[in-house]
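Chemist: Need coordinates for the below:
(one chain, ligands or ions: 1)
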Amino acid sequence: MPVLRFDTVSKTYPGGHTALAEVSFAVDAGEMLFVTGHSGAGKSTLLKLIQLVERPSRGAVLFDDRNLLKVRSGGIAGHRRQLGVVYQNHQLLMDRSVADNVALPLVLRGMKRVEINKRVRSILDKLGLAARERALPSQLSAGEQQRVGIARAVVAEPALLIADEPTGNLDPGLSAEIMGLFASLPERGTSVLVASHDLRLVKHMRKRVLVLDKGRLQDDIAPEDLVDE
Ligand SMILES: Nc1ncnc2c1ncn2[C@@H]1O[C@H](COP(=O)(O)OP(=O)(O)OP(=O)(O)O)[C@@H](O)[C@H]1O
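Modeler: From the prediction side, this is the model:
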């Protein structure tokens with residue numbers, strides 16, 4: 001069963017600009033894929049519809065077979081707890097330690113402290129951050145900060161991880177490293193959807209690629225059909 005499905009989704013913003021036009025695709029549980037396209041193609045809009053930051057003008061977005069149109073304002077926070085989100089500029093709390101930042105989604109869920117500590121330690125270990133758990137974000141390198149952002153996004157084991165230009169501020173070496181971390185997540189059952197305009201990096205990852213062009217889904221490329229430049 002797909003974890004996410006777009007069924008002929010269109011989004012026209014107030015003012016009349018159509019950011020997405022009749023977009024359809026499905027994401028399986030444990031699948032990783034990219035959405036790419038020029039600036040303004042509609043990548044961020046697509047991710048906003050999944051997070052219920054925006055609503056479709058036409059068509060339906062289904063998450064775990066549930067039509068998100070049926071989620072009322074009171075249910076939005078609950079819906080978002082099923083998602084992990086990684087931002088370009090990580091949005092860490094700068095006055096809290098690495099461990100506290102990563103613990104936040106679990107604290108918000110009311111989890112017991114012992115369980116929180118166990119999970120935080122385990123994910124920090126996996127992402128190579130164990131030695132930095134007491135550090136403040138400002139004491140970390142850009143790549144480490146982004147890894148903390150990823151740890152925080154996946155610590156609650158979301159069904160779907162979404163990331164909007166997660167390597168935008170990083171050099172090519174670090175970008176490849178961060179993408180490698182994303183690629184390791186589906187093994188843990190999390191589906192991963194990454195928006196990126198970095199075509200070289202996207203092709204290098206050899207995953208399925210959705211190509212948006214002026215809001216239309218121009219292509220849906222299987223990994224085996226990708227060609228190197
Ligand atoms: N809130 C809004 N109101 C009106 N128009 C918007 C709004 N948000 C986005 N748009 C327009 O919709 C189109 C798609 O924007 P979107 O941010 O989804 O593109 P994108 O592919 O993520 O671009 P980028 O790579 O530059 O971030 C753009 O033309 C943008 O100007």
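Chemist: From now on I want contacts and neighbour counts done on CA atoms only, so please keep to that.
Modeler: Will do.
Chemist: Could you list every helix and strand in contact with the host helix or strand of Val85?
Modeler: Assigned by DSSP states H and E, Val85 belongs to strand 83-86. Under the contact criterion of 3 or more C-alpha pairs under 8 Å, 6 or more residues apart in numbering; DSSP states H and E, strand 83-86 touches helix 142-154, strand 160-164.
Chemist: Just the C-alphas of the next helix or strand after it, formatted as CSV.
Modeler: Using DSSP H and E, the helix or strand that follows strand 83-86 in sequence is helix 98-108. Output of helix 98-108 as CSV, limited to C-alpha atoms (Å, rounded to 0.1, in the frame of the first residue of the first chain):
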residue,chain,number,x,y,z
VAL,A,98,22.3,18.5,20.3
ALA,A,99,20.6,15.8,22.5
ASP,A,100,17.8,18.2,23.6
ASN,A,101,17.1,19.2,20.0
VAL,A,102,16.8,15.6,18.9
ALA,A,103,14.6,14.7,21.9
LEU,A,104,12.1,17.5,21.1
PRO,A,105,9.7,15.5,19.0
LEU,A,106,9.6,12.7,21.6
VAL,A,107,9.1,15.2,24.4
LEU,A,108,6.1,16.7,22.4
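Chemist: if we can go back for a sec, rebuild the helices and strands packed on strand 83-86 as CSV, extending it with mean neighbour count.
Modeler: Putting the helices and strands packed on strand 83-86 into CSV (neighbours: other C-alpha atoms under 10 Å) gives the following:
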stretch, mean neighbour count
helix 142-154, 23
strand 160-164, 24
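Chemist: of these, which approaches the ligand most closely?
Modeler: Of all the helices and strands packed on strand 83-86, strand 160-164 sits nearest to the ligand, with 8.0 Å by C-alpha to the nearest ligand atom.
Chemist: And the closest one, how far out from the chain middle?
Modeler: 1 Å (C-alpha atoms, centre = their mean, to the nearest Å).
Chemist: Contacts only, for Leu104.
Modeler: Arg152 (C-alpha atoms under 8 Å, 6 or more residues apart in numbering).
Chemist: That should have said Gly84, apologies.
Modeler: Neighbouring residues of Gly84 by C-alpha under 8 Å, 6+ apart: Ala153, Val154, Ala156, Glu157, Pro158, Ala159, Leu160, Leu161, Ile162.
Chemist: any idea how far the ligand is from the nearest residue to Arg147 once chain neighbours are set aside?
Modeler: Leaving aside its sequence neighbours, Arg147 sits nearest to Leu127 (C-alpha to C-alpha, 6 or more residues apart in numbering; 6.8 Å). Distance, Leu127 to the ligand, by C-alpha to the nearest ligand atom, to the nearest Å: 27 Å.
Chemist: what does the protein put close to the ligand?
Modeler: Tyr13, His17, Ala19, His38, Ser39, Gly40, Ala41, Gly42, Lys43, Ser44, Thr45 (C-alpha under 6 Å from any ligand atom).
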